[in-house]
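Asker: fold the stuff below for me.
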Amino acid sequence: MIYRSKAPLRIGLAGGGTDVSPYSDMYGGAILNATISLYANATIEPLNENTIILEAIDRNETQQFGWAHQLPIDGHLDLLKGVYNRIQKDYGIKEQGFRLSTFADAPAGSGLGTSSTLVVAIIGAFTEMLRLPLGEYDMAHYAYEIERKDLDLAGGKQDQYAATFGGVNFMEFYGDDKVIVNPLRVKQQHLFELENNLLLYYTSTSRESAEIIKKQTRNVTDKKEKSIDAMHHLKEQAQMMKEALLKGKLNEFGDILDFGFRQKRQMAEGISNPLMEEIYETAKKAGATGGKISGAGGGGFMIFYCPINTKYKVLQSLEKFGGRHRSYQFTEHGLKTWTI
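Answerer: This next block holds a predicted model:
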């Protein structure tokens, strides 16, 4: 038997950063996101020897261990080890060797939730193998605990829930790790138009999101008024965009994105930089009505709303920066697992 899983990456459309503690615990957060046809994949292949082989195929990285109940967290393939260690601790895995392989369609640090989605996919593969009784909320919260508590990685909560549930969701975040996922019933024609007009652009740079998120967290803890006010406005932005999407007022999307772009820069130092500012202004001059930095900021993907057929002119104007356009479609489904 071979056990497989795939989980979709996501585009954060509005409210980004309000899912991060302690802001979400103190004030409540809100985010609008949508999963796309880029995936994190995981495969578990049982072996006829007591060996554990871990490999990240897209990163050309492999480690091999003799059978052990806990694997060392040492900066190499820690997401894979973290999931194994937690599942071994909570559920137990019989002493049989296996190969755990992963592949992601976007690099870590790209702003599409790659790391969290990969954790969800790995949990999915183990769940398929062990037949674990985990529902969608259980799976997402489990992934969050492994990343944020077991591995002590800084970040928010939206990515795990987006990868698990899939589709277009308005998410609410509160204290005590309470999360409410509200799937949106968006008319197909509105999604087609949004897909047509929303340009996904990779700046060909990645960043360490943890450092930016730590600064954002400190700003809230230190009660930095400018940063907290910006997050309040981003929470409002999520409500504005939800209403625009449900009512089909896509002509408002660019302005709502632009509002969020201006607010997000106030959350923490390093979210934007001169290159990203120049890319943003160039896209707007070419016809984009607004955009955003995907994820924590500092690099990775940016998205731009390009009404009618302006995205072709926008793409042309961005050629000088050496980045690349990434095609995608919105997806309705979250994590999927199967056995072969």
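
Asker: going by neighbour count, list what's buried in stretch 11-22.
Answerer: Burial within stretch 11-22, assessed by neighbour count using 16 or more other Cβ atoms under 10 Å, is assigned to 11-21. For the C-beta atoms, the positions are set from N, CA and C on the backbone; glycine is no exception.

Asker: keeping just the C-alphas, turn that stretch into PDB.
Answerer: What follows is stretch 11-22 as a C-alpha-only set of coordinates in PDB (Å, rounded to 0.1, in the frame of the first residue of the first chain):
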ATOM      1  CA  ILE A  11      -4.300  33.300  -1.800                       C
ATOM      2  CA  GLY A  12      -5.100  35.600   1.200                       C
ATOM      3  CA  LEU A  13      -7.400  38.200  -0.200                       C
ATOM      4  CA  ALA A  14      -8.000  40.400   2.900                       C
ATOM      5  CA  GLY A  15      -7.400  40.700   6.600                       C
ATOM      6  CA  GLY A  16      -3.900  39.100   6.500                       C
ATOM      7  CA  GLY A  17      -2.100  39.300   9.900                       C
ATOM      8  CA  THR A  18      -5.200  39.500  12.100                       C
ATOM      9  CA  ASP A  19      -5.100  35.700  12.600                       C
ATOM     10  CA  VAL A  20      -1.800  36.000  14.500                       C
ATOM     11  CA  SER A  21      -1.700  36.000  18.300                       C
ATOM     12  CA  PRO A  22      -1.900  38.000  20.400                       C
END
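
Asker: chain center to it, what's the gap?
Answerer: Averaging C-alpha positions (Cα atoms, centre = their mean, to the nearest Å) puts stretch 11-22 10 Å from its chain's average.

Asker: pLDDT averaged over that stretch - what is it?
Answerer: Taken as a whole, stretch 11-22 has an average pLDDT of 93.

Asker: repeat that for stretch 318-332.
Answerer: Mean pLDDT, computed over stretch 318-332, is 94.

Asker: if we can go back for a sec, would you format the buried residues of stretch 11-22 as CSV with distance to I73 and secondary structure included?
Answerer: Written out in CSV, the entries for those read as follows (distance: Cβ to Cβ, whole Å; DSSP: H, G, I helix; E, B strand; the rest coil):
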residue, distance to I73, secondary structure
I11, 30, strand
G12, 28, strand
L13, 33, strand
A14, 34, strand
G15, 31, coil
G16, 28, coil
G17, 27, coil
T18, 29, coil
D19, 25, coil
V20, 22, coil
S21, 22, coil
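
Asker: and stretch 213-224, what's its mean pLDDT?
Answerer: The predicted model gives stretch 213-224 an average pLDDT of 78.

Asker: start and end of stretch 295-304, how far apart?
Answerer: Taking Cα to Cα, to the nearest Å, stretch 295-304 runs 14 Å from one end to the other.

Asker: nearest residue to the residue nearest in space to the middle of the chain other than its sequence neighbours?
Answerer: With distances taken as Cα atoms, centre = their mean, the chain has G113 as the residue nearest its mean C-alpha position (1.9 Å). Distances taken as Cβ to Cβ, 6 or more residues apart in numbering place D159 nearest to G113, at 3.4 Å, with adjacent residues excluded.

Asker: same deal with I31?
Answerer: G15 (3.8 Å).

Asker: now E193: which helix or strand?
Answerer: Here E193, judged by DSSP states H and E, is contained in helix 188-197.

Asker: and for L199?
Answerer: For L199, the element it lies in under DSSP H and E is strand 198-202.

Asker: now do the helices in this structure.
Answerer: Per DSSP state H, the chain has helices spanning 23-27, 78-90, 114-130, 136-145, 158-165, 188-197, 209-221, 225-247, 253-264, 274-285, 311-318. These are given in chain order.

Asker: of these, flag the one that's most buried.
Answerer: Among the helices of the chain, judged by mean count of other Cβ atoms under 10 Å, the one packed with the most neighbours on average is helix 158-165 (a mean of 30).

Asker: helix 114-130 and that one, what's the angle between them?
Answerer: Angle between the axes of helix 158-165 and helix 114-130 is 40 degrees (criterion: axes from the mean of the first three to the mean of the last three Cα atoms, to 10 degrees).
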